[in-house]
Structure formats: structure tokens, C-alpha cells
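Asker: give me a 3D structure for the following:
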Amino acid sequence: MAVLPVVTLAGAWFALRPAPGAAAAPVAPRRLAAIRAGVLVAGYAMVGIEVLSALGFLDRTGVLVLWLLGLAAAGTGVVLRARREVRGTQGGLREARRRQNPAPAALPGERSRKRTGILTWLMAAGLAAVGALTLLVAAVSAPNNWDSQSYHLPKVEEWAQRGSVGLFPSNFFSENDLAPGAEFLLLHLRLLTGGDRLDNLVQWGAGVLCALAVSRIAAQLGAGRLGQVAAAFLFATAPMVALQSSSTQTDLVASAWAVAAASLAVDAAWGRTGPSDVLLLGAAAGLAQNTKATGALAAWPMVAMWLLARVWRAARSRSGRATARLAGALLALVAAAAVVAGPFLVRMTQTYGDPLGPPVVRAHSMQRHDPPALLVNGARLLQTATLLPWRPVDQATPKVVNRLADAVGVDPGDPAITERWPWPLTFYAGHDEDLAPFPLQVAAAGLALGYCLVRRWRDPPVRGYALACLGVLVAFAAGVKWQWYVNRLLLPALAVSAPLVGLAAEALVGRARRWSRAVAAVTLAVVAVIALNGAVRAIVFGRPRALVGDQSVLANNGWDQLFYRMPSWQPDYEWARRRIEASGAQRVGFVINDTTRYEYPLWVALRGRQLVSMVSDVPGPPPPSPSTVDAIVCEQPGPPYCVAVVPPDWTLAVHGHLALALPPGVPNGP
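Answerer: Residues are numbered from 1 along each chain as shown. I've put the predicted structure just below:
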């Protein structure tokens, strides 16, 4: 049944391809169709979850019916599109396409681009290799990153068990109060398959969509084949991208919607688009908003770029009709975004009186926005993203940031702008999915941004897009408080900036003097080899899903992989499973420490039983009473986690990280 979403997506791609005989054919129509299909199908999936939840049909049958309807709609679109193409072919469509899309005039450096065809194909082969390796890891790995154990997958299990995506009892704000879009997609797979073995493919597919959209934006801005491939190659070979492509984190999903919004915004700002394109742009921004705040920080500046370009055009036309059309398009865009992201924001407003959720959510974002604080925070983000495998440099760069902070009068350890600085882990961790920096990508994107702002200033689309990217960087400095794992939060900013690298790469090779073109091509080839080496090493040796070594995903089963981060805890969960099975308990309460959460293994170990949280910080109905459960499992058994919940007449047994409480008369082990 998991094939249903894939077939629906393929059908949507075929049906949403731009008409071949259109008077103004869009750039890279097949990639545009992939972006349109991804946005439309993901929006359908997210809104469908909300509708099924509201109607009380959020179960396997309801999701199956939802995808059958989606498949029927996509199939209808395929049939209608195929009929149009048949008519067009019979009417001489091929000749019309030849006339409407003449071969482009030779651009400066065209000969050099032909000479770099080998480099283009080598980078394309590198992209394919990275895609194949990450697909292998995603297919054979259990979803074992830390955040998935603590809240990404536990809330999917809660929704599947409850048949609702409403708020549920929990003492960890991330389970209820963070945007749920990526987990909604995982919920579809959970209900269709009954397990988690395909969950990693969501992020892998998001990575593919990112690469397609990045290359298309480069083409929209004027890059040729070399520039398009170079832009996608730069993004895909970032170690953090390679590592997250096989995980159930959410940063690549957020990046996919942000870069999809960027591509649609470029079309809508400087091309001929219809109402459907504006609606898709709004839906993409809504998807980013409903997936992660960092995705929204990257997507909405692109929407602002579209709006400003259209306002400028309407002002120059001095036409009331143009102004009215723009106002209508803006309302349609906001409405499309609200349809996707609105239900979650409404839940937060009803529960906490604020669409952003409780104050603890905002504690992870910047509380100061004065220029000195933004400068220091931006410098720390840059320092962490550019860590190198050279300890003297990694130890020196935090000191440079501290000197900058002293110069502008900012305490770099101010809790309003940081969680903890400097974090002791200021070292290169290119093989860890939570920490991996991407210095080569940051350097290339920074140089490319400078090139576009200086040398391509007179090109309106390039100028507008470069300024939008600059706005994204400012938004991240103003919105993302420094955290030790901040590198993965920066992926949406890298995704929307990567297309500019394609323009700079082509300029490096194509506009160099004849005697230095070979040097430029060799330089680009060396950079590509270094980038590919970093990506491959991250995949092969990556934590917590390596291809080699004692913790190889090829040599261990899924249950063992869940404990790659904390192997010493595995016997404790196995002990709890055996004791609960022996007791016959069917409804199991749990108390999870809100700082060292490792909840998901309980759901895997106790599959088929009902699990409920015995503690909650969520306003609304209180957590269940101990009298309603057959057993209670506690993480970190010391007070106050178990003592305050377990009835005094129950027997409590401790095994390392876990404790198990059973009612009187039910035997418990030591």
C-alpha cells in the first residue's frame, strides 16, 4: 500500500508538466513538474491528515481511501494530459515547439562550457553515486537519530494510536508544539505499512527534490548545464545533506519546501504565470511553515521577492487592473498557505493563546534583535558551519568570535542569544548527522552571493534572488539562536543559496581568459573532488548509520540500530519488554525524562499494546490515573519521575536506565 503515494506522485508529475506548445515555455519543464507534483501531493497529504482527524477517520482505512482518491485524481489528470498531447502531436506540435523554442544564442564562454562537458558529466555521476549510496543506507537503516527517538516518531505513534492529531498528554513540548508537517508524511507510511521501515525515504525524497529545485533555479537565473549541475552537486555533497538523506530528521523536508517556493517565486516574479502557480507558491510556503520554523525563514523571503517584483511591475504599469490582480494573487497565496499551515496554528492559538505555541518554543529562537546581537549570532553560526578537520583552527575561531563580541559590547554567552557558548564540542564532526559542518559549501555560497551582487547587479532576476538570499541569511541570524546542533538547522538557508554557486561556477570557467580557462576548470574539478570525498566519507562512516564498522547498518538488525547512540541502554529496554510480556499488561503507562528522552524504543518493544504518558505539561485533560494502566515504565527511575506517579502499593524494579512498576499480585523481577 505504500506504493500508492509514489504512484500518485508519478501521475501528478505527468499531469502537471507544462504544455509543450505553450507560447512561453518555462525553464526546465520536467523539473518544474516535479516541484509542482511534490508541493501538490504533500499539501494533499497534510491537509488530508487534518481532515481525517477532524472527521474521526484517521486510521489505516481512512488513509487508504484518501490515497485511492488521490490516485484516481492523478489518473484522471494523466488521461486528460495524454489526450491533449496526442492532439498536439497530430496538429504539428513538434514543429511549433521548434519555432517557439529556438536554439539559444551563443553566450560568452560557450566554447569553454563545451570543453567542460566532461566535468559536468563527472559531477552528474557524483550526484548519482551520492543518491545511490544514501538510498542504500535509507533502505536498510532503522530510524535511529536521537530526535526521532525522543519526539519525531513517538508523536507519530501517538497519532496512530489515538486516531487524532490533536494535542495529547506529554511532558515534552516538542511532541505537541512543534510544526508537524514532516511527521504527517511519516504518519501516512505508518498507517499504510504498520511500521517504520520506509520512514527514512521521506527525507531521501526531499533531498532529491532539493537537488532538482536547486538546479532549476540556477537555470531560471541563466545558468547553463554546467552551472545547473554544479549547484545541485554543491548542495547534495554537503556532509549534513548526505547524512540527513537517510534519516527521519525534518531539515531536508523543510529545505525542500523552501527551495520549491524559491523556484516558483522566480517564475511568478519574472515570468508569465497563472493563478495555479500563485496557489502553488502559497502552498509551498505553507508547507515550509507547517514543517519547521527554519523552512519558513527561508521560504517567506522568497515570497517577499515575488511580491516586491510584482509591486514594482504594477507601479510601472500604472494600471488599476494590474494592482487589483496583484491584490487578488496575494490573497490567494495567503489562503493557500493558510489551508496547509492554518489548522496547526489554530490549535496552538486555542491551547496557548499564541499561534507560535508556548514560551518554551520561542526559547530556542533569538530574543534580542539589535544589530550587535545579530552580528555576533551570525558570526557564531558562520563559525560553527565552517569547522575544519584541523583542531588549532577550530579552537581559534571561537576566540575570534569572542573578540568580535567584546568589540561590539555583546556578551556571547547571553541566554537571550545563545543556549551555551562556547560549546565544548567546537571541533570538526563531519561524520555526525547532528553536528556535521559544511565549510566548502558555505565558502562557495558566500563567494557566489558576492559575485551576483557585484557583477550581476544589472540582471533583475539575479539581483532580486541574491537580495532575497541575503534576506534569508539575515532572517536566520535574527531568528535562530546558537545551539550546538545548529548546523542542521541551517540547511534551508544553504538550499536557497546554492543556485547562485552555479552562476559563479560558469562565470569562473566561461569568462576567464583563454590561457586561464584550463586552470579554472581544474580548480573547479579539484573543488568537486573534495566535496564528493566529504560526502562519501560522511555516508560510509556516518553516525549513527555507518556502512562500515561495528555499527554498520548492513550487519545489525533494526532493533540494535535504535541504540547506536546509547548502546548501554539496550538491555534495559529488553528487560522491560520481557517483564511486561510476562505480566500480560496491555495498557502501559510511561514516564519519560524530559531531558534524556528515549521514548520510541518503548513503542517498538511494546508494539500491539497501548501506551500512555502518565505526566503532562499540556493544558487540557489530565494524564490518565495509575488505576487505568496495567504497568508503568519509568525512564531514569529516581525521583521525581517515578515516585510521584507510581502508587505506593505497587512493586518497583529497577534495571539500569529503566524501572518497571506493577500492581500488587503481579510478580516483578529484581
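Asker: what's the helix or strand for the nearest residue to D414 once chain neighbours are set aside?
Answerer: Leaving aside its sequence neighbours, D414 sits nearest to R368 (C-beta to C-beta, 6 or more residues apart in numbering; 7.2 Å). Every residue, glycine included, has its C-beta placed from N, CA and C. Assigned by DSSP states H and E, R368 belongs to no helix or strand.
Asker: residues near R368, how many?
Answerer: R368: 16 surrounding residues under other C-beta atoms under 10 Å.
Asker: surely it and I417 touch.
Answerer: Yes. With contact defined as C-beta atoms under 8 Å, R368 reaches I417; the gap is 5.3 Å.
Asker: quick check: buried residues in the longest helix seen in the chain?
Answerer: Longest helix in the chain, counting residues (DSSP state H): helix 320-352. Residues of helix 320-352 classed as buried: 326, 329-330, 332-333, 336-337, 339-345, 347-348, 351-352 (neighbour count, 16 or more other C-beta atoms under 10 Å).
Asker: next, the residue nearest to A373 when sequence neighbours are not counted: phi, psi?
Answerer: Nearest residue to A373, sequence neighbours excluded (C-beta to C-beta, 6+ apart): I417, at 5.2 Å. Backbone torsions of I417, given as degrees, to the nearest 10, read phi -130, psi 0.
Asker: swap in L4?
Answerer: Per-residue torsions, L4: phi -60, psi -50 (degrees, to the nearest 10).
Asker: check the secondary structure at R17 for me.
Answerer: With DSSP: H, G, I helix; E, B strand; the rest coil as the basis, R17 sits in coil.
Asker: and the gap between V618 and I632?
Answerer: Taking C-beta to C-beta, to the nearest Å as the measure, V618 falls 19 Å from I632.
Asker: more neighbours: the two, which one.
Answerer: Each of V618 and I632 has its neighbours counted (other C-beta under 10 Å); I632 has more, 24 against 21.
Asker: that's a helix at the more buried one, yeah?
Answerer: No. Counting by three-state DSSP, I632 is not part of a helix but strand.
Asker: surely it meets V591?
Answerer: Yes. Using C-beta under 8 Å, I632 is in contact with V591, at 6.7 Å.
Asker: mutual contacts of those two, please.
Answerer: Shared contacts of I632 and V591, defined by C-beta atoms under 8 Å, 6 or more residues apart in numbering, comprise 614, 642, 645.
Asker: among those, who's most crowded?
Answerer: For the shared contacts of I632 and V591, counting by other C-beta under 10 Å, the largest number of neighbours falls to M614: 26 neighbours.
Asker: from P398, how far out is it?
Answerer: Look at M614 and P398: by C-beta to C-beta, they are 42 Å apart.
Asker: and S319, by the same measure?
Answerer: Distance of S319 to P398, given as C-beta to C-beta: 55 Å.
Asker: do the same with R30
Answerer: Distance from R30 to P398, by C-beta to C-beta: 46 Å.
Asker: these two: who's more crowded?
Answerer: P398 (18 against 11).
Asker: rewinding a little: least trustworthy position among the shared contacts of I632 and V591, going by pLDDT?
Answerer: Scanning the shared contacts of I632 and V591 for pLDDT, the low point is C642. It has 81.
Asker: and the pLDDT for the nearest residue to it once chain neighbours are set aside?
Answerer: In space, C642 comes closest to C634 once its chain neighbours are excluded; the distance is 4.0 Å by C-beta to C-beta, 6+ apart. Here, the pLDDT recorded for C634 equals 92.
Asker: C634 - how many residues pack around it?
Answerer: Using other C-beta under 10 Å, C634 is surrounded by 25 other residues.
Asker: which residues does it form a beta bridge with?
Answerer: Bridge pairing for C634 (DSSP bridges) gives the partners V591, A659.
Asker: G479 is in contact with G378, correct?
Answerer: No. Contact criterion C-beta under 8 Å: G378 and G479 do not qualify, at 11.2 Å.
Asker: L494 versus the residue of the chain most remote from its centre, what's the distance?
Answerer: Largest separation from the mean C-alpha position in the chain: G665, at 49.1 Å (C-alpha atoms, centre = their mean). Distance of G665 to L494, computed by C-beta to C-beta: 59 Å.
Asker: same deal with A659?
Answerer: As judged by C-beta to C-beta, A659 and L494 stand 43 Å apart.
Asker: the two: who's more crowded?
Answerer: Set side by side, A659 and L494 show more neighbours around L494, with 26 against 22, by other C-beta under 10 Å.
Asker: in the chain, which spans are strands?
Answerer: 587-591, 610-613, 631-635, 651-655, 658-662 (DSSP state E).
Asker: which of the ones you listed sits closest to Q149?
Answerer: Closest to Q149 of the strands of the chain is strand 631-635 (C-beta to C-beta; 11.2 Å).
Asker: same for that closest one, what does it pack against?
Answerer: Counting by 3 or more C-beta pairs under 8 Å, 6 or more residues apart in numbering; DSSP states H and E, the packing neighbours recorded for strand 631-635 are helix 570-583, strand 587-591, strand 658-662.
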